[in-house]
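In: Kindly return the folded structure for what I paste below:
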Amino acid sequence: MGCGGPPDAGFHYLCWDCLEGTEWLQPPMCSRCGEPVAGRIDGAYACHLCDTVKRHFDLARSASRYDGVVADAIQQLKYAKSLWVVNDLSSFLHACVDSHYDAAPMDWVVPVPLHATRRRTRGFNQAEVLARGLGKLIHKPVLSGALRRIRPTISQTNLTARERPSNVRGAFAVGGSKPLQGSACLLVDDVMTTGATVSECARVLKASGVVRVDVVTVARG
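Out: Down below sits the predicted model:
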């Protein structure tokens, strides 16, 4: 999808030449949200946002920066219904989980939900198809109905970090019939920017009895 050439081994529609400029997120980083830090960090470090805003998730990690061919692939998936990129994006999620969550308890894979109105317009929930792709790779069950978005929200894209939490506050509720109490969930989305959306999802899950919520996204905005 980047250069029109043949994909490299391990990919369906990507090659390493097009991924050459991708910034894969590695330490040093914020120990809570995974925001990369320039320079050397000794010991645990919390970024300014994690130091000043209550986070309801336990850890959040992303595979790469939201840039280049990775951003193109995510946009193709969301806005052009290019479901054929899911396998490659799911492989990035898998690599991120292997790198950061190898020893973490994990009972369910849970996608961040879309409101019914937006889902009808888009035709699918990109977080759900990514969660299903990841679930197959890590051999974990996916609970698509564990969370519901009960009210529409405006896009977070043009909101400031201060405005985003109030935009999603009260937008989610627990759904489905599977018992969540005492379980550990891996929350999946395509992009994380300030973390307001996944933090609110984690708050709702923990209020229902979930004991741990980790987050993995393809990209970090």
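In: so what does the helix or strand containing residue 131 touch, helix or strand wise?
Out: Element membership for residue 131 (DSSP states H and E) is helix 126-138. Applying 3 or more C-beta pairs under 8 Å, 6 or more residues apart in numbering; DSSP states H and E, one finds that helix 126-138 contacts helix 68-80, helix 86-100, strand 108-111, strand 184-192. C-beta: built from backbone N, CA, C; applies to glycine.
In: what's the average pLDDT for the last one?
Out: Confidence for strand 184-192, expressed as mean pLDDT, is 97.
In: now swap in the longest one and tell me
Out: Across helix 86-100, pLDDT averages out at 97.
In: going forward can the numbers begin at 8, since that is how I track them
Out: Right, with 8 as the first residue, what we last looked at is helix 93-107.
In: tell me which residues in it are buried?
Out: Of the residues in helix 93-107, those buried under the neighbour-count criterion (16 or more other C-beta atoms under 10 Å) are 93, 95-101, 103-104, 107.
In: List the buried residues in the helix or strand of the chain with the lowest mean pLDDT.
Out: Across the helices and strands of the chain, mean confidence by mean pLDDT, DSSP states H and E is lowest for helix 171-175: a mean of 77. By 16+ other C-beta under 10 Å, the buried positions in helix 171-175 come out as 171-172, 175.
In: Show me the contact partners of it.
Out: The contact list for helix 171-175, computed with C-beta atoms under 8 Å, 6 or more residues apart in numbering, reads 60, 160-161, 163, 166, 200-201, 203-204, 206-207.
In: So for residue 16, what's the pLDDT?
Out: pLDDT, read off for residue 16, is 87.
In: next one: residue 160
Out: pLDDT, residue 160: 77.
In: roughly how far apart are it and residue 83?
Out: Distance of residue 160 to residue 83, given as C-beta to C-beta, to the nearest Å: 23 Å.
In: likewise residue 201?
Out: As judged by C-beta to C-beta, residue 201 and residue 83 stand 24 Å apart.
In: Just list the residues touching residue 74, thanks.
Out: 28-30, 226.
In: about what we covered before: mind listing what's buried along the helix holding residue 138?
Out: 133-142, 145.
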